[in-house]
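got a sequence here, can you model it:
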Amino acid sequence: MFAWVENNVIRDVNANPCECFVKDIADLYSVSVPDNCTAGWSLIAGAWVAPAVNGQAANPETYLHFSYDDTVTVGDTVTINITVKFADGSVAPVNSTYRVPIIRDSDGKQMEYLKAVFVAGEASVSFTAMEAGKLVMRTDKIDPMPTAGVVEQPVVFVDRN
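Prediction:
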């Protein structure tokens, strides 16, 4: 995905601007960004951060980091570890509870609704992968929306046995 960026904020994104625009416009899409980035995301401390949601601005000093296996088999337990970190990589002392949906990419159906309980900046959520396909943790739908920057939406590919 390529972005047209002005003042470290994404104005627009396009997968192949050379096919969609005349050269002068296509040249403006000069920054490669992750596929989940959209207009309004900002580059803060080297990471792309989603814009404020419902009037709640992101805290540019903290970010959510995820670790997980991105490929599993039907019947496996998927565990996603989440850590709130400062820009220097140290763990932020967050103690809060959030909920986040897991969506089936093919049709947008919610497959899970997970409760993430953060203790000292760390949380872990798990669920069982019940069918093959691509599952996406919709970090843009976290409730309540965190003030920490969210730089990715975890994606898990579930293969048949």
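
following the helix or strand bottoming out on mean pLDDT in the chain, which helix or strand shows up next?
Lowest mean confidence among the helices and strands of the chain (mean pLDDT, DSSP states H and E): strand 47-49, at a mean of 75. Reading on from strand 47-49 to the C-terminus, the next helix or strand found by DSSP states H and E is strand 59-67.

circling back to that earlier point, now the least confident helix or strand of the chain, how far from the centre of its chain.
Relative to its parent chain, strand 47-49 has a centroid offset of 10 Å by C-alpha atoms, centre = their mean, to the nearest Å.

and Val156, what's its pLDDT?
Model confidence at Val156, given as pLDDT, is 95.

what about Gly46, how many neighbours?
Residues lying near Gly46 (other C-beta atoms under 10 Å) number 8. C-beta coordinates here come from the backbone N, C-alpha and C atoms, glycine included.

dig out what Thr97 forms beta bridges with.
Listed by DSSP bridges, the beta-bridge partners for Thr97 are Val117.

go on, the one 5 residues further on?
When assigned by DSSP bridges, Ile102 has beta-bridge partners Glu112, Met137.

give the contact list for it.
Applying C-beta atoms under 8 Å, 6 or more residues apart in numbering, we find Ile102 in contact with Gln110, Met111, Glu112, Tyr113, Leu114, Phe127, Leu135, Val136, Met137, Arg138.

kindly supply the ChimeraX command isolating those of the residues you listed that are buried.
In ChimeraX, this line selects whichever of these come out buried by 16 or more other C-beta atoms under 10 Å:
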select :111,112,114,127,135,136,137
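
quick one: the helices in the chain?
Applying DSSP state H to the chain gives helices spanning 17-20, 23-26.

highest average neighbour count across those?
Compared across the helices of the chain, helix 17-20 shows the largest average neighbour count, a mean of 13 (mean count of other C-beta atoms under 10 Å).

give me the mean pLDDT for that helix.
The model assigns helix 17-20 a mean pLDDT of 90.

which other residues reach it?
Against helix 17-20 from outside (C-beta under 8 Å, 6+ apart): Phe2, Asn14, Ile25, Ala26, Leu28, Tyr29.

rewinding a little: quick one: closest of the helices of the chain to Phe118.
Comparing the helices of the chain by their distance to Phe118 (C-beta to C-beta), the top pick is helix 17-20, with 39.1 Å.
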